[in-house]
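[1] Quick one, structure for this:
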Amino acid sequence: MEKEWWEGLGDGSRLLIAPAPSPTAGAAAAAAAGINGCLLSLRHPKSGNATNYLLCNDNEGSVLQELHWFKQSYTSWFLGDYVSRDGSLYTATPVDPVFILLPIFEEARMKKRNDLGKFRQLDEIIFINDYPGYQHLMSIAENCMRVVCEIKEIGSSMFFRLNDSKVLAWLYCKVFQLKKALCSLDNNYAAQDEKYTLAEAVSILGEYVKDEPWLMLLRDHLKYLFKFTL
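    I've put the predicted structure just below:
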């Protein structure tokens, strides 16, 4: 049976490449800033499978990062005077928490047909059986989910409900951010027509959102605006 990437993480050292917490951050700067992190097991927004993420906290806030694993045969790492027999490379890259939280908020509103669904408090929404890691995202959710939710305030309590129009607008913005990034990173994309580059951006976005309803809604919206098939 093939060994999974997380098995044996407690044995020896591993090499992880992650973004610096600030432009001037080094080990001393990180320690001074009180930076700490923890591994969270969350549901992947596309597949729903248990997936590990890294939550890093410092004095400026929290950043959620997705973990990637790469391994070549017969490799090791020299880490100072130590040789790590496991030549695996782990990388952590920031991910927009809205992607991770979107399926949770979609389920929580319990929308049926023309019914817009229920307003719920955050602690209700992110309480997921078998996934206590979501509890660590409370402060992140309160800030980032405003972009895709309607919010009601009753006294000191806040109630959230996912809004389809806001989600579609957010996805539309993401597509054009991706399109711009693709063209700036690769001249081949810059030379392609808009239809091709937009289709590629939608394909990348599709790795993080479900086909139904979001990707279908986004494709229909783009077809209507640009009169072509994605």
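[2] What residues of stretch 43-56 count as buried?
    Using 16 or more other CB atoms under 10 Å as the test for burial, stretch 43-56 gives R43, H44, P45, K46, T51, N52, Y53, L54, L55, C56. Quick note: C-beta positions are derived from backbone N, CA and C, even for glycine.
[3] Can you tell me which of the residues you listed end up in strands?
    R43, T51, N52, Y53, L54, L55, C56 (DSSP state E).
[4] separation between the fourth one and K152?
    Between Y53 and K152 the computed distance is 29 Å (CB to CB, to the nearest Å).
[5] Please identify the longest helix in this protein, counting by residues.
    With secondary structure taken from DSSP state H, the chain has its longest helix at helix 164-185.
[6] which of the residues in stretch 120-135 are buried?
    Neighbour-count burial for stretch 120-135 flags R120, L122, I125, I126, G133, Y134 (criterion: 16+ other CB under 10 Å).
[7] Out of the residues you listed, which comes closest to R161?
    R120 (7.1 Å; CB to CB).
[8] Mind listing the residues bridging to the closest one?
    Per DSSP bridges, the residues bridged to R120 are F160.
[9] Quick check, it in contact with E106.
    No - using CB atoms under 8 Å, R120 is not in contact with E106; the gap is 11.6 Å.
[10] neighbours around the closest residue to K71 other than its chain neighbours, how many?
    In this structure, K71 finds its nearest non-sequential neighbour in S88, 4.5 Å apart by CB to CB, 6 or more residues apart in numbering. S88 has 17 neighbouring residues, counting by other CB atoms under 10 Å.
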